[in-house]
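Visitor: coordinates only, no sequence provided:
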């Protein structure tokens, strides 16, 4: 008995028991699952990925045909998920920033309107909004035959939005290279000039110089590279629009729902972050003679950013995971494609394992990137 | 010179100023002080007016209040007869029509009990015992039947708002102890237990709820020994519990970290062992700190239970959807159901949000 009262031995005992229980459960599940699968004649393993998919995916960011492999179909699902979450995070952040600042406005009408916006979005399930936007698009807009031509070449109907598309004949690579070079040059100049301003105290129009640095390679590319573009305008046929770039109602509804939900969360985070900066900072900046806009930019926002980044990370992770609600309105994201594969091949375990693994991996990636950014803006204490 | 003298002499020297503007003009300047501000006010008022006009037009002016589906189709506004015709189905799903007083009673009893339990002064062991020993069994018997001459209603016929309440409430109630255990595991000194805790929490938090629901409904039957089947409702419920537990664990961990280490050391020096320290010293302080974020989390989960409709359970959102797909009304009432459901969710979520803010005030013991 005295052995049991030794704290160290007891610690080992607990750990061995815990691991043992987990392993036992895993083993029982594994053995029953393989027995069940053997009985149903379902082959295990990931061999099915190389088989022909055979189903249509209505929207694909990369080239896809039903004759492609199942692995390719999953890749299409992943790109669709990433595409819609990236766009929603981008638009939602911009919109949320505006709404959050609007909530802090001294104008009572504006701040209350923004409060109503945030409350209306946060108190109703996202799934309900997605279904609402989807059925709104489907039922309120006219059928394709009577599509509304908003601008020349831009058609709005209940099968989505069709806009003219640009087709690159040549020079696409040159343009992308120019964009990358320009962006790098702009960031570098802004950094060097910013550092020099700190050292010398002389204020130069940094934004203007950086913009010029960004545009120069672009202009060079336009002048020297042989860029040829064809304009593909949609044409209204009897039953459908042909040509152009087609935004489907599923995509529009999902993007709208996710963007609005992100914007409401970002607005709350921004408001809380700015309010958390103590009032003395505002007063000190005013005492130094800084106008309100510069106070916000130079004094308040850098401090608020430290408070804002961690919850913002969570919001981005949430929108990425919430994009899986796409299955409810039929946007072919990773979950929906996996679900189709599951129904076709019966490989439920593998399909679920794949999409859970992808979500987990990308979630960790987002966390890492945001943590890196957080470490950069964190307070450097002596 | 004393201070009073200074003030008096300054007052004598200072040139006389005009009286401060009346309060009416301060009110005025908040709305129309500068041209920019006036523009914002006018734009906002314009937006509110346009939205109100749209809403009133759809809800009342162009709406049909009594009539048949055909009459609804003729007008462009809201179709109220749809809601009145489908109300009982939307609330109770496929629960037998004659027996629907039972989910209604259960729901009212549940809401009443919740309302009473929301008073922090009543919190204690007595309330917990009352819930476990009286309220939950009564609710179960009301819903499932089988005793006191009530006919048996299988869970496949449960649906609507009672199901949504059940999934979120039981989900959170069971997830709380599990979440606390996970948080303790994550904060544990024993490496193996810590790794297990961290692994579970991070994996569950890294994937969407829908994937866990899929696992529970599609994958779990494959893991069950032959002949054993678990009710679909129970499987979804377990998925929600596991999912919620991981999020609760993270919140509780925040509370645990906020308790100074000296409290644990003090417990050790008194000769208490781990569980005594946790139960009597650390957890009471930690949990008190995390009650407001837990209520916020509850609001989120109440909304997230709508996801069970994707795996085919008849929750409130699902009954709304299927009501709109009724052939008699299809294509006529396309928005009414969703708007109604949105209002119901909004009311409950907003009330809980207000309660969360009340709790935050109530537990604010510091004077900052």
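Guide: Okay, I see it. Since we're looking at a predicted model, the values are computed, not measured.
Visitor: remind me which helix or strand residue A:363 belongs to.
Guide: Per DSSP states H and E: residue A:363 is located in helix A:348-377.
Visitor: do the same with residue A:78
Guide: Per DSSP H and E, residue A:78 falls inside helix A:70-103.
Visitor: now the element after that helix, going C-ward?
Guide: Next along from helix A:70-103, by DSSP H and E: helix A:108-122.
Visitor: counting contacts, what elements does that next one pack onto?
Guide: Helix A:108-122 sits against helix A:70-103, helix A:249-276, helix B:23-32, helix B:35-56, helix B:336-362, with contacts defined as 3 or more C-beta pairs under 8 Å, 6 or more residues apart in numbering or on different chains; DSSP states H and E. Where C-beta positions appear, they are placed from N, C-alpha and C, glycine not excepted.
Visitor: so which of these comes closest to residue A:23?
Guide: helix A:70-103 (30.3 Å; C-beta to C-beta).
Visitor: report the angle between the closest one and helix A:348-377.
Guide: Relative orientation of helix A:70-103 and helix A:348-377, computed by axes from the mean of the first three to the mean of the last three C-alpha atoms, to 10 degrees: 40 degrees.
Visitor: residue ranges in the chain under the pLDDT threshold?
Guide: In the absence of a named chain, chain A is used. A:1-4, A:168-170, A:227-228, A:235-244, A:378-382 (pLDDT under 70).
Visitor: please refer instead to chain B.
Guide: For chain B, the ranges with pLDDT under 70 are B:1-26, B:226-227, B:365-368.
Visitor: grab the most central residue of it for me.
Guide: The centre of chain B sits closest to residue B:299, judged by C-alpha atoms, centre = their mean, with a distance of 1.9 Å.
Visitor: now the element after the helix or strand harbouring that one, going C-ward?
Guide: Assigned by DSSP H and E, residue B:299 belongs to helix B:283-304. Going down the chain from helix B:283-304, the next helix or strand is helix B:316-324, by DSSP H and E.
Visitor: ok, for residue A:14, nearest residue in space, not its chain neighbours?
Guide: residue B:190 (6.2 Å; C-beta to C-beta, 6 or more residues apart in numbering or on different chains).
Visitor: same question for residue B:68.
Guide: residue B:81 is the one closest to residue B:68 (C-beta to C-beta, 6+ apart), at 7.2 Å.
Visitor: isn't the one you found right next to residue B:66, touching?
Guide: Yes - using C-beta atoms under 8 Å, residue B:81 is in contact with residue B:66, at 6.0 Å.
Visitor: neighbour count winner among the two?
Guide: Taking neighbours as other C-beta atoms under 10 Å in any protein chain shown, residue B:81 and residue B:66 compare with residue B:81 leading, 21 against 8.
Visitor: quick one: what helix or strand has the more buried one in it?
Guide: Assigned by DSSP H and E, residue B:81 falls in helix B:80-92.
Visitor: buried stuff in that helix?
Guide: Going by neighbour count (16 or more other C-beta atoms under 10 Å in any protein chain shown), the buried part of helix B:80-92 is B:80, B:81, B:82, B:83, B:85, B:86, B:89, B:90, B:91, B:92.
Visitor: spell out which residues of the stretch 251-368 of chain B are next to chain A.
Guide: Among all residues of the stretch 251-368 of chain B, those adjacent to chain A (criterion: C-beta under 8 Å from any C-beta of the partner chain) are B:299, B:303-304, B:306-307, B:309-310, B:317, B:321, B:331, B:334-335, B:338-339, B:341-342, B:345-346, B:349-350, B:353.
Visitor: just the buried ones from those residues?
Guide: So, by 16+ other C-beta under 10 Å, the buried ones in these are B:299, B:303-304, B:306-307, B:309-310, B:317, B:321, B:334-335, B:338-339, B:341-342, B:345-346, B:349-350, B:353.
Visitor: quick check: residue A:182 vs chain B, distance?
Guide: Applying C-beta to the nearest C-beta, to the nearest Å, the value for residue A:182 to chain B is 34 Å.
Visitor: counting contacts, what elements does the one helix or strand that residue maps to pack onto?
Guide: Counting by DSSP H and E, the element that carries residue A:182 is helix A:172-200. The helices and strands touching helix A:172-200, judged by 3+ C-beta pairs under 8 Å, 6+ apart, are helix A:206-224.
Visitor: next, the buried residues of the helix it packs on.
Guide: A:206, A:210, A:213, A:214, A:217, A:221.
Visitor: for it, name the packing helices and strands.
Guide: helix A:172-200.
Visitor: and the angle from the helix it packs on to helix A:206-224?
Guide: Using the same axes, to 10 degrees: helix A:172-200 against helix A:206-224 is 160 degrees.
Visitor: list the buried residues in helix A:172-200.
Guide: Within helix A:172-200, the residues that qualify as buried are A:174, A:175, A:178, A:181, A:182, A:185, A:186, A:189, A:190, A:193, counting by 16+ other C-beta under 10 Å.
Visitor: ditto for stretch A:302-320
Guide: By neighbour count on 16+ other C-beta under 10 Å, the buried set for stretch A:302-320 is A:303-305, A:307-309, A:311-313, A:315-320.
Visitor: where does the stretch 1-150 of chain B come near chain A, residue by residue?
Guide: Close to chain A, as judged by C-beta under 8 Å from any C-beta, the stretch 1-150 of chain B has residues B:30, B:31, B:37, B:40, B:41, B:44, B:45, B:47, B:48.
Visitor: tally of neighbours for the second one?
Guide: Number of residues near residue B:31 (other C-beta under 10 Å) recorded here: 18.
Visitor: so who does it touch?
Guide: Contacts for residue B:31 were tallied using C-beta atoms under 8 Å, 6 or more residues apart in numbering or on different chains; they are A:107, A:108, A:109, B:37, B:38, B:41.
Visitor: adding distance to residue A:198 and neighbour count, write the residues you listed out as TSV.
Guide: Listed next are the contacts of residue B:31 as TSV, based on distance: C-beta to C-beta, whole Å; neighbours: other C-beta atoms under 10 Å in any protein chain shown:
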residue	distance to residue A:198	neighbour count
A:107	36	20
A:108	40	13
A:109	41	19
B:37	35	18
B:38	40	14
B:41	40	18
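Visitor: any chance of those in a markdown table, plus distance to residue B:285?
Guide: Below are the contacts of residue B:31 laid out as a markdown table (distance: C-beta to C-beta, whole Å):
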| residue | distance to residue B:285 |
| --- | --- |
| A:107 | 42 |
| A:108 | 40 |
| A:109 | 43 |
| B:37 | 47 |
| B:38 | 52 |
| B:41 | 48 |
